[in-house]
Structure formats: structure tokens, C-alpha cells
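J.: the amino acid sequence is not available; the structure is as follows:
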């Protein structure tokens with residue numbers, strides 16, 4: 001598919017409606033039937049778009065996904081709706097009225113920003129991607145707020161916009177995921193310079209970016225949604241505290257914010273207590289585990305492992321608490337015997353600081369369920385020693 005225009009015609013739109021809920025297993029039969037009355041290329045394009053829309057439901061919701069237009073890369077790389085809406089609300093709360101969205105993709109972020117009442121210039125250099133972004137703005141009734149421009153973002157004048165948002169490409173068709181920020185397209189250094197020219201600048205980067213690669217002028221924010229880390233953002237300009245870190249947890253929008261003056265030293269290492277706290281991934285990526293340890297009055301089980309332990313249960317949105325019942329040296333045979341003795345039928349395996357794969361341990365330790373009891377096993381290190389901690393979610 002290299003042209004969405006046929007799908008935007010009355011015939012194309014009617015065909016999209018007809019194939020909307022097509023089961024992938026029935027595609028061949030459906031295609032054969034439809035080709036009797038429609039061009040083969042249009043039928044293939046409609047079925048391909050239907051598949052993309054079905055995949056996009058997880059990110060955009062069923063209502064929007066059923067009306068939007070996608071490319072394969074657009075579905076894969078676009079921002080999840082909940083994260084885009086959170087970012088748009090931050091911009092609205094900051095008083096932003098216009099945004100230059102550079103490397104806009106199919107327009108996921110532009111849609112969220114426009115729905116917040118903010119005017120958007122959405123720029124991308126790929127013609128098909130711009131077609132999709134323009135079609136999406138129209139399909140969702142936002143064409144009056146979103147201008148889509150096909151251009152090289154490095155040549156776009158962003159003067160006069162309240163904010164600049166840059167989402168560099170972090171994947172390559174040949175190399176896959178790109179880990180070097182200077183290999184982004186455009187490079188991180190250019191994106192930073194573009195952000196610094198605006199009253200408020202915002203960059204979307206990979207969550208695993210090395211902290212040493214983060215510019216000193218930025219506040220760095222890591223965002224998780226439902227416990228999964230989705231992205232990192234760098235904020236520049238008005239109201240931004242240089243060197244600050246933030247972890248934001250959606251959907252509750254709970255957050256930990258620490259400036260260079262309020263960052264805490266690494267927690268002390270202590271023996272495993274009654275409770276183990278597993279910090280949210282955004283907290284870990286932001287290097288804010290110390291803040292969680294202070295909140296639950298705990299310490300680390302190992303200086304290199306982001307598990308916090310404490311003697312008492314303290315509720316926190318930033319970590320999941322488990323009550324620990326057993327602490328064993330790593331030994332699969334002993335674990336297997338213990339699970340059989342306790343009639344365990346459901347085994348959840350988590351790991352941090354262990355080379356053992358959870359599925360491998362589950363297969364060896366519980367080849368056949370022995371009952372209805374459930375146990376969570378943590379494969380980790382305690383004071384440097386390979387250890388298994390057994391427990392269950394705290395009530």
C-alpha cells in the first residue's frame with residue numbers, strides 16, 4: 001500500500017465498512033467474493049487497512065481505530081492514546097495554544113493535542129504517512145485544528161509556536177530498534193536544539209536512554225501505563241527545572257518528581273523483611289527507587305537490585321507489595337518439592353538480577369499443577385547471592 005486515496009473515495013469507504021470485522025481466517029474467501037464487484041487492488045487495500053485497524057484498537061480504542069487510517073509503521077510506532085492525552089493535558093495546563101509536532105507520524109499525538117483545543121502543525125517527510133495523518137484529522141473532525149505538512153522537519157520554521165514537540169524515529173528498516181540517540185532520525189542533538197528554540201520544548205525518546213545522554217537543561221520524565229513503561233520525555237523551557245526527574249504512572253497520573261536538590265541517596269541494603277516492594281518500571285527508569293524506599297520505610301535487598309523490602313505494609317501507588325513467606329538459595333529441586341508439598345497449581349515467576357528465564361523455571365519446578373494454591377517466586381540476588389523469594393500479593 002503506497003496510496004490511501006482509493007480508500008478515501010465513496011467506494012473505498014463503503015468497502016472498508018463492509019470488511020471492518022473480517023476474521024483473518026476468512027480473508028481469502030472474503031477477498032474472492034469482493035473481487036467480483038471491485039478492483040482487486042482496492043479489495044486488498046481495504047482488507048489490509050481492516051487488519052491495521054484491528055491491531056490499532058489496543059492503542060486508540062475501538063471507536064477511533066474504526067475511523068482512522070494506518071500504515072504498518074504507524075500502528076507500531078504511534079503513541080498510545082492514554083499517554084498522548086496525558087501529554088496534551090500537560091501542554092494545555094501550561095497555557096500552550098499552538099504546537100509544532102515534528103515527525104508526526106499518522107497523527108496520534110496531534111489528535112490528542114487538537115482535542116485539548118490546541119492548534120497543531122503536524123510535519124512528516126513521508127508522503128503516505130502524511131496522507132494518513134491528514135485523513136485521520138478529517139475522519140475525527142479535527143481538520144480545522146490540524147495542518148499536515150509534508151516536509152523535512154529540519155527545514156521547518158517553528159517560530160511563533162508556543163511549543164515544539166519532536167518524536168524522532170527510533171527504528172530502522174535495516175537495523176531495527178536504534179539505541180544510540182545520535183542515530184535517531186533526526187538525531188537527538190538536533191531535536192534538542194529545536195526544542196530549545198521554543199518557549200516550551202518536548203522530546204519523545206526511548207525509555208532506556210542512558211541518563212548521561214540526557215541534556216542538563218531538561219527535566220526527564222518516564223511514563224508507564226498499566227504498569228508497562230511506554231516512553232520517556234524531555235521537557236525544556238518555561239517552568240522546567242533543569243536536571244529534574246519525574247516518574248508518571250497512568251491511568252491514575254500519579255507521579256514522583258525530584259529536583260537535583262531533593263534527590264535521595266541510594267537506600268541502604270538490609271535483610272529481607274516481611275514485605276517486598278516491586279517499584280513501577282517508570283520509577284526504576286527514572287532512578288527514583290530511593291523515594292519509594294523512603295515512603296515505605298524500607299531498604300534494598302541488594303545494592304544492584306531494584307527490589308525494596310520492609311517489615312511493615314505501606315500502601316503506595318509507585319510499587320506493588322508482596323508478602324514474603326520463604327527465602328531460599330536458588331535450587332530448582334528444593335523449589336519443586338516445596339511447591340508439591342503446598343499443592344501449588346498456579347506459579348508466577350518474576351526475575352531481577354537472574355539469568356534464569358521465568359518460563360524455564362516454571363516448566364522445571366511445576367511440570368504438573370498439584371493443587372489450587374498460588375505462589376509468586378522472585379528470582380533475584382540478596383546481598384549478592386542467587387536467591388528465591390516466595391510470596392503472594394499483599395492483601
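T.: Received the coordinates, thanks. Bear in mind the structure is a predicted one, so any value in this text is a computation, not a measurement. Numbers count the residues shown, from 1 in each chain.
J.: where does pLDDT dip in the protein?
T.: 1, 172-176 (pLDDT under 70).
J.: hey, where'd the helices end up in it?
T.: 10-19, 27-34, 40-60, 62-65, 72-77, 81-93, 108-115, 127-139, 188-196, 281-285, 289-296, 332-341, 358-365 (DSSP state H).
J.: determine which stretch of the ones you listed is the most buried.
T.: helix 108-115 (a mean of 26; mean count of other Cβ atoms under 10 Å). Quick note: C-beta positions are derived from backbone N, CA and C, even for glycine.
J.: that one versus helix 40-60: what angle between them?
T.: Per axes from the mean of the first three to the mean of the last three Cα atoms, to 10 degrees, the angle that helix 108-115 makes with helix 40-60 is 70 degrees.
J.: from the chain's centre, how far out does helix 108-115 sit?
T.: 17 Å (Cα atoms, centre = their mean, to the nearest Å).
J.: list the contacts of that helix.
T.: 59-60, 64, 78-79, 81, 84-85, 87-88, 91, 99, 101, 104, 120, 122, 133, 136-137, 140, 142, 145-146, 148, 165, 167 (Cβ atoms under 8 Å, 6 or more residues apart in numbering).
J.: could you rerun that using 7 Å?
T.: Here helix 108-115 makes contact (Cβ atoms under 7 Å, 6 or more residues apart in numbering) with 78-79, 81, 84-85, 87-88, 91, 99, 101, 104, 120, 122, 133, 136, 140, 142, 145-146, 165, 167.
J.: would you pull up how far stretch 213-227 lies from the middle of the chain?
T.: With Cα atoms, centre = their mean, you get 12 Å for stretch 213-227.
J.: whoops, I mixed them up, stretch 208-222
T.: 17 Å.
J.: give the buried residues for it.
T.: Under the neighbour-count criterion of 16 or more other Cβ atoms under 10 Å, stretch 208-222 has 209, 214, 215, 217, 218, 219, 220, 221, 222 buried.
J.: between those, which is nearest residue 228?
T.: Among the buried residues of stretch 208-222, residue 222 lies closest to residue 228 (Cβ to Cβ), at 11.5 Å.
J.: quick check: the gap between that closest one and residue 37.
T.: Per Cβ to Cβ, to the nearest Å, residue 222 is found 51 Å from residue 37.
J.: residue contacts, residue 66?
T.: Applying Cβ under 7 Å, 6+ apart to residue 66 gives the contacts 20, 53.
J.: shouldn't residue 231 be in contact with residue 225?
T.: No - contact criterion Cβ atoms under 7 Å: residue 231 and residue 225 do not qualify, at 9.4 Å.
J.: shared neighbours of the two, anything?
T.: With Cβ under 7 Å, 6+ apart as the test, residue 231 and residue 225 both reach residue 83.
J.: how many other residues sit next to residue 143?
T.: 15 (other Cβ atoms under 10 Å).
J.: for it, what are its contacts?
T.: Residues near residue 143 by Cβ under 7 Å, 6+ apart: residue 137.
J.: tell me the contacts of the closest residue to residue 311 other than its chain neighbours?
T.: Spatial nearest neighbour of residue 311, excluding adjacent residues (Cβ to Cβ, 6 or more residues apart in numbering): residue 273 at 4.2 Å. Applying Cβ under 7 Å, 6+ apart to residue 273 gives the contacts 309, 310, 311.
J.: hey, what's the first one bridged with?
T.: Taking DSSP bridges as the rule, residue 309 bridges to residue 276, residue 299.
J.: count of residues packed around it?
T.: Neighbours of residue 309 under the rule other Cβ under 10 Å: 25.
J.: same check, this time on the last one
T.: Counted with other Cβ under 10 Å, residues neighbouring residue 311 total 13.
J.: quick check: it touching residue 276?
T.: No - using Cβ under 7 Å, residue 311 is not in contact with residue 276, being 11.3 Å away.
J.: if I look at residue 212, how far off is residue 220?
T.: In terms of Cβ to Cβ, residue 212 sits 12 Å off from residue 220.
J.: contact partners for the nearest residue to residue 281 once chain neighbours are set aside?
T.: Excluding its sequence neighbours, the residue lying closest to residue 281 (Cβ to Cβ, 6+ apart) is residue 229, at 4.0 Å. Residue 229 makes contact with 207, 222, 281, 282, 285, according to Cβ under 7 Å, 6+ apart.
J.: not counting sequence-adjacent ones, nearest residue to the last one?
T.: Nearest residue to residue 285 in three dimensions, chain neighbours excluded: residue 222, at 4.3 Å (Cβ to Cβ, 6+ apart).
J.: where do the strands sit along the stretch 251-395 of the chain?
T.: 254-258, 275-279, 299-300, 308-310, 319-329, 344-351, 373-382, 385-393 (DSSP state E, counting those that start in this stretch).
J.: on contacts alone, who are the packing partners of the shortest one?
T.: Counting contacts by 3 or more Cβ pairs under 7 Å, 6 or more residues apart in numbering; DSSP states H and E, strand 299-300 is packed against strand 308-310.
J.: tell me which residues are up against the strand it packs on.
T.: Residues contacting strand 308-310 (Cβ under 7 Å, 6+ apart): 267, 270, 272-273, 275-277, 279, 289, 292-293, 296-301, 319.
J.: which members of those are classed as buried?
T.: Judged by 16+ other Cβ under 10 Å, buried ones among these: 267, 270, 272-273, 275-277, 279, 289, 292-293, 296, 298-301, 319.
J.: okay, now the residue lying closest to residue 259 once chain neighbours are set aside: neighbour count?
T.: Leaving aside its chain neighbours, residue 259 sits nearest to residue 244 (4.7 Å; criterion: Cβ to Cβ, 6+ apart). Counted with other Cβ under 10 Å, the neighbours of residue 244 add up to 19.
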